[in-house]
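Enquirer: Here's my sequence, what's the structure:
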Amino acid sequence: RTFTTALLHFCALLHPLCSMSATKRKASSDGDGHVSQRTKLDAPFSSQLEDLEQKILKSMDNLKAMRSSGRQATEDYQKTVVATSMLLVELKLLLRAGVMKVKEAADSVEKVKQQVDVRHLELQNLLSEKVHLQKDIKRCQLFRSRDEEFHLAPVEEFFAAHPETKDELRNDPHKLRLARLDWELRERQRLSKDLEALRTKKDQLSKANSVMATQIDDIPAQLSRLLEAVKPIETALGVGDSPLFGSESSALLLPRPLYVLFAHAAAYIDSFDTNKTIQVKVEGNPEAARQALLDSFAQPSDEPDAAAAAAPARTTATASAMDVDGGEKRRDSRVIKPERLKKPHPLSVHMSVKCDDNVTLALVFHHFPLLNLVTVKHSLSSSPSSLVPSDLLGNLYPGDTGTACPDAATDMLLDDPSIPSLDTLLHKMGRPYCWAQTVCGLSVTTPAVSADLRLERRALVQVLQDIREKVNALHGLGAQLSVLTATATPTAVPCTDSEDARRNFFPLQPSSVLASFQPRTSKTSSQAYRAVFKQGSASRSDSKQPGLTAEIEVPPEYPHKLPKFTLRFNHIDYDNNIKEMERELNYFGSELREKLPVNQLFGNLLRRAQMCFDVFVHSEELESGTAKPNDLIPRATRGPDRIRPFRFDAKFGKFDFRGGPPA
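Expert: Residues are numbered from 1 along each chain as shown. Predicted coordinates:
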């Protein structure tokens, strides 16, 4: 019984493992006829052990009871022993099955463990591969291609050069990048070839410059020998005594632009100015000019003054240059101070020009070396009327006011915030007119001066003629304005009173009077005046009396640009003849400027306005029948607009109609 109890306890210990294995086994036949035992083993192992334990204990108790009662020899006792033995066999069978189940469970656990180890190893491999892939991805993300270091041309420029690829490459950034790189490579190869060609040309020019520099250095000695050789000829011809170009003259110390001006003026005076209407001389400090000339020769070529003197048009406040070898722009730290920019050359050229009515115009030319500009300052011996602008030389040519810089390089220099404006630099030293740069041989990059003047070999002669014409015109304008504004009611118009003018331009005796002439305020740079013409006496104030009001604007370009007349009738609201009268004055008024004295142009235009008004009134009288036809106005009107004959035909001696529609 003790052994049986211990065996039962051991089986109880195997119960958990056996129960786990029993739940996973499939029912199957063992093939040996032990179907009942295997069927029992398929039952839950715990219930089998409990039942078997109860049976064995009960059988053992029965045997003990029979033994104590002395029935060992009975048949029941033998049957009970056999039954107990069978129960023990069954217990042994159950124990063996439990051991097999434990072994199967251990094998199954080992197999699952191996699978777990394999999966764990695969997981570690995948994690390691993931780390390597992440490193590769990061390396790819941080990778910078060489093409990203290049500054490619903009996409718009590429498409402008290759418009046929725009639709194809617009939506494909990769192909677009490749195409741009290919084009950039071809362009850089082409530019590299151009650079090599320019370097070769630069070397050739440097060699040529060296040869020319050697020849230039030898020029003073050659000139000295030439002057010595021509002295006998000068003595024989009597041309060597000119005070303008003597060996001791200050003209030899002038800067190149002023020397060009002085040489042209002196040549014109010697050759054409027989009446001595022009005088030219050099003023200033010759010693300071000589010292400046010596300093410019002694100065190293890498200093700012030498660079500015050699190429003043390329001077900047912080001079920049292009490094041809490196192809990159470098900034020069050398700075030109504003005080030096506004310092003119010690010498200047003074020119006096005699005009009509004993008026003398004095011109003073200054040269600013670092700005590469020539300025002009003027003054008159007798000032015109205060109604005439003081800037007589402004707008000598259309747009040339002298307030803008005529050179583009100097204009870029003045854009630097550290440098004062042009007016500040040239304070009280005149204005840099474009025509002044032209007559001094400097380049003009603004279109203010006409191409004819820039290409004219006798530019100085033309400029002097234009100056005389403008001064005479403005002086005459001032005199006429003084007469017109002297009284409150001027009755006569100051104009050219000659037989030729009366015969060809003003044949009609005035029937109207100039009732008033007054200056008025203008919103533009032009000078504005108002003139009122009336028929009959100027003192009459009848509202029905025919009258004409003329609003006159004299532009700064006068006399090259005619004054603008705006007319209106006082006795009627509007008439189509106003346009025709304005055309006679604003367009065909150039006839008066070309054929009559220009100093009386303003008065002649007023006289024509008065004559047109008289023709209009007289033709109205002819049309209404209150006046008789005459030889001057044979026909009063023409066309549906009833246009009056405002043009006087001097050939036939009558007023006629102009062709074409009104302007």
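Enquirer: which residues touch Pro255?
Expert: Shown in contact with Pro255 (CB atoms under 8 Å, 6 or more residues apart in numbering): His345, Leu347, His367, Pro369. In short, each C-beta sits where N, CA and C put it, glycine included.
Enquirer: Am I right that Arg119 is in a strand?
Expert: No. Counting by DSSP: H, G, I helix; E, B strand; the rest coil, Arg119 is not part of a strand but helix.
Enquirer: count of neighbours near it?
Expert: 10 (other CB atoms under 10 Å).
Enquirer: All the helices of the stretch 301-450 of the chain, in order from the start?
Expert: 304-310, 338-341, 408-414, 422-425, 434-439 (DSSP state H, counting those that start in this stretch).
Enquirer: Can you give the distance of the second one from its chain's centre?
Expert: Helix 338-341 sits 28 Å away from the centroid of its parent chain (CA atoms, centre = their mean, to the nearest Å).
Enquirer: With the last one instead?
Expert: Centre-to-centre, helix 434-439 and its host chain are 28 Å apart (CA atoms, centre = their mean).
Enquirer: buried sites along that helix?
Expert: Within helix 434-439, the residues that count as buried by 16 or more other CB atoms under 10 Å are Cys434, Trp435, Ala436, Gln437, Thr438, Val439.
Enquirer: Also the third one?
Expert: Going by neighbour count (16+ other CB under 10 Å), the buried part of helix 408-414 is Ala409, Thr410, Leu413, Leu414.
Enquirer: Quick check: the farthest pair among those?
Expert: The most widely separated members of the buried residues of helix 408-414, counting by CB to CB, are Ala409 and Leu414 (10.1 Å).
Enquirer: follow-up on the earlier one: would TSV of the buried residues of helix 408-414 with distance to Phe272 be doable?
Expert: Output for those, formatted as TSV (distance: CB to CB, whole Å):
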residue	distance to Phe272
Ala409	35
Thr410	34
Leu413	39
Leu414	38
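Enquirer: My read is that Ile643 contacts Phe657, right?
Expert: Yes. Between Ile643 and Phe657 there is a contact under CB atoms under 8 Å: 6.3 Å.
Enquirer: Quick check on these two: which one has the bigger neighbour count.
Expert: The neighbour count for Ile643 versus Phe657, taken as other CB under 10 Å, is higher for Ile643 (19 against 16).
Enquirer: got the contact list for the more buried one?
Expert: Taking CB under 8 Å, 6+ apart, one finds Asn576, Asn577, Glu580, Thr637, Phe657, Pro662 in contact with Ile643.
Enquirer: For Gln222, see how far away the fourth one is.
Expert: As judged by CB to CB, to the nearest Å, Thr637 and Gln222 stand 80 Å apart.
Enquirer: The two: which is more packed in?
Expert: Taking neighbours as other CB under 10 Å, Thr637 and Gln222 compare with Thr637 leading, 16 against 10.
Enquirer: Tell me the spacing between the more buried one and Lys354.
Expert: Thr637 is 50 Å from Lys354, by CB to CB.
Enquirer: returning to what we had before: could you tell me the least trusted of the helices of the stretch 301-450 of the chain?
Expert: For the helices of the stretch 301-450 of the chain, the weakest mean pLDDT is recorded on helix 304-310, namely a mean of 40.
Enquirer: Reformat the contacts of Pro255 into TSV and put neighbour count, distance to Leu49 and pLDDT next to each item.
Expert: Shown next, in TSV, are the contacts of Pro255 (neighbours: other CB atoms under 10 Å; distance: CB to CB, whole Å; pLDDT from 0 to 100):
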residue	neighbour count	distance to Leu49	pLDDT
His345	21	132	91
Leu347	25	137	92
His367	24	131	92
Pro369	21	126	88
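Enquirer: So which residues of the stretch 451-600 of the chain form helices?
Expert: Assigned by DSSP H, counting those that start in this stretch, the stretch 451-600 of the chain shows helices spanning 451-455, 459-484, 499-504, 577-586, 590-595.
Enquirer: what's the closest non-adjacent residue to Ala83?
Expert: Ser59 (5.9 Å; CB to CB, 6 or more residues apart in numbering).
Enquirer: any idea which helix or strand carries that neighbour?
Expert: Under the criterion of DSSP states H and E, Ser59 resides in helix 45-68.
Enquirer: Identify each buried residue in that helix, please.
Expert: By 16+ other CB under 10 Å, the buried positions in helix 45-68 come out as Phe45, Gln48, Leu49, Leu52, Glu53, Lys55, Ile56, Ser59, Met60, Asn62, Leu63, Met66.
Enquirer: Of the residues you listed, which is the nearest to Leu601?
Expert: Among the buried residues of helix 45-68, and counting by CB to CB, the member closest to Leu601 is Phe45, at 139.5 Å.
Enquirer: my guess is that closest one meets Gly98, correct?
Expert: Yes. Phe45 is in contact with Gly98 according to CB under 8 Å; the separation is 6.9 Å.
Enquirer: follow-up on the earlier one: looking at the helices of the stretch 451-600 of the chain, spot the one closest to Asn395.
Expert: Closest approach to Asn395 among those is made by helix 459-484 (8.7 Å; CB to CB).
Enquirer: Return the set of buried residues in the closest one.
Expert: 459-460, 462-464, 466-481, 483-484.
Enquirer: Stretch 160-173 too?
Expert: Leu169.
Enquirer: before we move on, the earlier item: out of the contacts of Ile643, what pair is the most spread apart?
Expert: So, the contacts of Ile643 by CB to CB: farthest apart are Thr637 and Pro662, at 14.2 Å.
Enquirer: Next, work out how far apart the residue most central in space within the chain and Cys405 are.
Expert: Residue closest to the average C-alpha location in the chain (CA atoms, centre = their mean): Met412, at 12.8 Å. Using CB to CB, Met412 is found at 9 Å from Cys405.
Enquirer: With adjacent residues omitted, what lies nearest to Thr360?
Expert: Ranked by CB to CB, 6+ apart and with sequence neighbours excluded, the top spatial neighbour of Thr360 is Ser381, at 4.1 Å.
Enquirer: oh, I was asking about Ser516
Expert: Val532 (4.7 Å).
Enquirer: any idea how far Leu514 is from the one you found?
Expert: For Val532 relative to Leu514 (CB to CB), the value is 7 Å.
Enquirer: Can you pick out the residue with more neighbours from the two?
Expert: Using other CB under 10 Å, the more surrounded residue of Val532 and Leu514 is Leu514, with 23 against 18.
Enquirer: Check the more buried one and give its pLDDT.
Expert: Leu514 is given a pLDDT of 88.
Enquirer: what about it, distance to Asn275?
Expert: Applying CB to CB to Leu514 and Asn275 gives a distance of 38 Å.
Enquirer: Repeat that for Gly547.
Expert: From Gly547 across to Asn275, the span is 48 Å (CB to CB).
Enquirer: out of these two, which sits in the busier spot?
Expert: Gly547 (22 against 7).
Enquirer: The more buried one against Phe533, yeah?
Expert: Yes. Contact between Gly547 and Phe533 holds when scored by CB under 8 Å: they sit 6.6 Å apart.
Enquirer: what residues do those two have in common as contacts?
Expert: Ala515.
Enquirer: What segments of the stretch 1-150 of the chain are helices?
Expert: Going by DSSP H, counting those that start in this stretch, the stretch 1-150 of the chain shows helices at 2-24, 35-42, 45-68, 75-142.
Enquirer: returning to that earlier point: quickly name whichever of the contacts of Pro255 is closest to Val444.
Expert: His367 (15.2 Å).
Enquirer: got the contact list for the residue nearest to Arg67 when sequence neighbours are not counted?
Expert: Among residues not flanking Arg67 along the chain, Tyr77 sits closest, at 7.8 Å (CB to CB, 6+ apart). Taking CB under 8 Å, 6+ apart, we find Tyr77 in contact with Leu63, Met66, Arg67, Arg71.
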